[in-house]
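Engineer: here is my input, please return the structure:
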Amino acid sequence: QVQLVESGGGLVQAGGSLRLSCAASGSIFSINVMAWYRQAPGKQRELVANITSAGSTNYADSVKGRFTISRDNAKNTVYLQMNSLKPEDTAVYYCNADDIVAAWGLGRYFDVWGQGTLVTVSS
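Structural biologist: The predicted model follows:
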């Protein structure tokens, strides 16, 4: 069983910064893609950024130049550094891990989600 646990959300003023973390737990050999999504009230969940195990990244246009995704493969952890936050960044942020290879041949997991962490940016 693989679980994702996010941390780092909270309330921040516009222009401020926050750093989100998401740690995957369980018997994990490797994780191909880790990502951050967000869902604002009344809107669909959208991709914020993703990163492969090799370090290739992809960002939504709305966060390019402000957010940075990174990961520590040894710790099975992904981070999202959010700078120059805007009120429109307010949302529940979800961590996602896809194509997880379990250790000792115990299986493979796809599209695993964390429980979400709330980020509120005040104007």
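Engineer: and the gap between the spatially most central residue of the chain and Leu20?
Structural biologist: The centroid of the chain falls nearest to Trp36 when counting by Cα atoms, centre = their mean (2.9 Å). Look at Trp36 and Leu20: by Cβ to Cβ, to the nearest Å, they are 7 Å apart. Yep, even glycine has a C-beta here, placed from its N, CA and C like the rest.
Engineer: what do you get for Asn32?
Structural biologist: Distance, Asn32 to Leu20, by Cβ to Cβ: 20 Å.
Engineer: same deal with Phe67?
Structural biologist: Separation of Phe67 from Leu20 (Cβ to Cβ): 10 Å.
Engineer: shared neighbours of the two, which are they?
Structural biologist: Shared contacts of Phe67 and Leu20 (Cβ atoms under 8 Å, 6 or more residues apart in numbering): Leu80, Met82.
Engineer: tell me which of Asn32 and Leu20 has more neighbours.
Structural biologist: Taking other Cβ atoms under 10 Å, Asn32 and Leu20 do not tie; Leu20 has more neighbours (23 against 14).
Engineer: residues in contact with that one?
Structural biologist: By Cβ under 8 Å, 6+ apart, the contact set of Leu20 is Glu6, Ser7, Gly8, Gly9, Trp36, Tyr79, Leu80, Met82, Tyr93, Cys95, Thr117, Val119.
Engineer: could you rerun that using 7 Å?
Structural biologist: By Cβ atoms under 7 Å, 6 or more residues apart in numbering, the contact set of Leu20 is Glu6, Gly8, Gly9, Trp36, Tyr79, Leu80, Tyr93, Thr117.
Engineer: ok, now Ser123?
Structural biologist: Ser123 makes contact with Ala14, Pro87, according to Cβ under 7 Å, 6+ apart.
Engineer: can you list contacts of the helix or strand of the chain with the lowest mean pLDDT?
Structural biologist: Sorting the helices and strands of the chain by mean pLDDT, DSSP states H and E puts strand 108-109 at the bottom, at a mean of 92. In this structure, residues lying in contact with strand 108-109 by Cβ under 7 Å, 6+ apart are Val2, Ile100, Val101, Ala102.
Engineer: direction included, what does that strand pair against?
Structural biologist: As defined by DSSP bridges, the strand partners of strand 108-109 come to strand 91-102 (antiparallel).
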